[in-house]
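Quick check, what structure comes out for this input:
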Amino acid sequence: MLFDDTYLTIENPAEGIYRASNSKFLAYAYPVTSETQIKPIIAQLKADHPTARHHCWAIKLGTDQSAQRFNDDGEPAGSAGRPILNTILSKRVTNIMVVVVRYFGGTLLGIPGLITAYKTATEDALNKARIIEKTFNDIYQLDFDYLQMNDVMKIIKDKDLKILEQNFELNCSIKLSIRKIQVPQAEQNFLKIAKLKLTYLYSN
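Just a heads-up that it's a prediction; the model follows:
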């Protein structure tokens, strides 16, 4: 059973394929963390497959049901993007985008045929992907005086926090990744250090 701050995603990009009546459906699955990645991924696949008829996609981020989108890219409504998204949801994975590139084979498949095609291509890509468990993390920046270094580093070591960046000069700063379940206790410990400034940056 997953904790509230863990999720399943794919470790690396993966590809799948499905063929029906001379049409070819190429599925590309990507680990993602933001909707800002949608346009570059689509642009790259359109450049790689300039003669393809459709580039349909779905994306799922985080655990919020509102953080999901899909696009049929000219296919009949509900026949492409939705089946891709439903397949993602059935695998219980998130922080993922799947694009299915269709080369039209000259034969209309009908909506049931399209649903099957986009679903099966997506399943093939996800079945080939390595699914891993990750944690949701908050990224914080600590700003403190050099004389407070020992106190700060002791908390980081005791809580096994991950340092992303560090700058140790007269005014020191450290960027940390803190697992969400650890955030309340870590905040409490850091704020006990006089004059230390703790700034939330973003989540991933």
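
Contacts only, for G81.
G81 sits next to C56, W57, A58, F70, N71, D72, D73, E75, Y118 when contact means Cβ atoms under 8 Å, 6 or more residues apart in numbering. All C-beta spots, glycine's among them, are computed from the backbone N, C-alpha and C.

what's the answer for T51, then?
For T51, the contacting residues are Y103, by Cβ under 8 Å, 6+ apart.

now do N171
Residues in contact with N171, defined by Cβ under 8 Å, 6+ apart, are D143, F144, D145, Y146.

and if we set it to 7 Å?
Listed by Cβ atoms under 7 Å, 6 or more residues apart in numbering, the contact set of N171 reads D143, D145.

Pairing partners for it in the sheet, please.
D145 (DSSP bridges).

likewise R102?
F25, H54.

and the longest helix for the chain?
Across the chain, the helix with the greatest residue count (assigned by DSSP state H) is helix 110-128.

Whichever helix or strand comes after that one pairs with which strands, and in what direction?
Later in the chain than helix 110-128, the nearest helix or strand by DSSP states H and E is strand 131-135. Sheet pairing of strand 131-135 (DSSP bridges) gives strand 6-10 (antiparallel).

for the strand it pairs with, which positions count as buried?
Y7, T9, I10 (16 or more other Cβ atoms under 10 Å).

so where's this protein shaky on pLDDT?
Counting by pLDDT under 70, the chain contains low-confidence ranges at 1-4.

Spell out the residue ranges of the strands in this protein.
Here the chain has its strands, by DSSP state E, at 6-10, 14-20, 23-31, 54-60, 68-71, 96-103, 131-135, 137-145, 162-167, 171-179, 197-203.

Which neighbouring elements make contact with the third one?
Applying 3 or more Cβ pairs under 7 Å, 6 or more residues apart in numbering; DSSP states H and E, one finds that strand 23-31 makes contact with strand 6-10, strand 14-20, strand 96-103, helix 110-128.
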